[in-house]
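Sequence first, then the predicted structure:
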Amino acid sequence: MTFIALDDEPLALVLIRKFAQDLPEWNLLATFTDAAEASVFLQNNTVDLLLSDINMPDVNGLQFVRDLPDEHPMVIFVTAYKEHAHEGFNLDVVDYLVKPVSPERFTKALQKAADLLELRRRAEANALAPADDHFFVFSEYQQVKIVVKDILYMESMGDYVKIFLAAQSKPIMTLERLKNFAERLQSKGFRRIHRSYLVNENRVEARQKSRVKVSGVWLPVGEAYG
């Protein structure tokens, strides 16, 4: 498992490197004091986890994470400011560490990320069964069967996807990336209409320039997907 760290304070990065030495299962690929350099690295390398400060002179860490592409690493914020915690968790981050961070708290946060990564990999491995009409997803500690024709649409929720089904009021939530479903279901009549939405074209009831209606719900159509 790999991660990088972004913090404008070099001493904070020294501490992270020290903590990382005691976690052999994690490989610290690089550390950055400059957000632009970190962004370029993420564009050109596969990384499982990003540790980021929030209050930095060149960029706000919250905005930095918001500007990341859909398929971005898991995120843990490491900051001296408690007041950003609520907004941080709204970005579906794995954890929120307040400086000074103890080795025990650091280890706990990365273990949480490791557990989520394992669940994601397990979910991806089981996302689609060989059958053409159904597949299984890992949800609430069990494998749940999803019949393709019953899918109305899917909604991305950070590292999770909500699957909305016909005749079922509660969506199925699974640890998976929407991009993976889009690639696998493209040949079955599904279309990505927004960074956060994948729809079953057979379930579309109405269309407008900037939105489509599925089962009575209007969903936005992104400019890049229209």
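Nice, thanks for sending it over. Please read all numbers here as calculations on a predicted model, not as lab measurements.

which stretches of this protein have low pLDDT?
Counting by pLDDT under 70, the chain has low-confidence residues at 84-86, 88-89, 123-131, 226.

buried sites along the lengthiest helix in it?
Across the chain, the longest stretch assigned as helix under DSSP state H is helix 103-125. Residues of helix 103-125 classed as buried under the neighbour-count rule (16 or more other Cβ atoms under 10 Å) are 106, 109, 110, 113, 114, 116, 117, 119, 120, 123. (Glycine included, C-beta is placed from N, CA and C.)

Quick check, the first one in contact with residue 97.
Yes. At 6.9 Å, residue 106 and residue 97 qualify as touching, with contact defined as Cβ atoms under 8 Å.

between the next helix or strand after the longest helix of the chain and helix 103-125, how big is the angle?
Under the assignment DSSP states H and E, the closest C-terminal helix or strand after helix 103-125 is strand 134-139. Comparing the axes of strand 134-139 and helix 103-125 via axes from the mean of the first three to the mean of the last three Cα atoms, to 10 degrees yields an angle of 170 degrees.

so what's residue 91 up against?
Applying Cβ atoms under 8 Å, 6 or more residues apart in numbering to residue 91 gives the contacts 62, 65, 66, 75, 158.

try 7 Å this time
62, 65, 66, 75 (Cβ atoms under 7 Å, 6 or more residues apart in numbering).

and the third one, how far is that from residue 163?
So the one you mean is residue 66. The spacing between residue 66 and residue 163, counted by Cβ to Cβ, to the nearest Å, is 25 Å.

cool, and the first one?
Here the criterion is Cβ to Cβ. By it, residue 62 lies 28 Å from residue 163.

Specify which residue of those two has the higher count of neighbours.
Between residue 62 and residue 163, counted using other Cβ atoms under 10 Å, the more crowded position is residue 163 (22 against 19).

Make sure the more buried one is indeed in a helix.
No. With DSSP: H, G, I helix; E, B strand; the rest coil as the criterion, residue 163 is strand rather than part of a helix.

isn't it right up against residue 171?
Yes. Contact criterion Cβ atoms under 7 Å: residue 163 and residue 171 qualify, at 5.7 Å.

what domains does the record give for this structure?
Domain assignment for the chain by automatic domain parsing gives 2-124, 127-220.

number of nearby residues for the residue nearest to residue 151 when sequence neighbours are not counted?
Spatial nearest neighbour of residue 151, chain neighbours left out: residue 200 (5.1 Å); criterion: Cβ to Cβ, 6 or more residues apart in numbering. Applying other Cβ under 10 Å, we find 22 other residues in the vicinity of residue 200.
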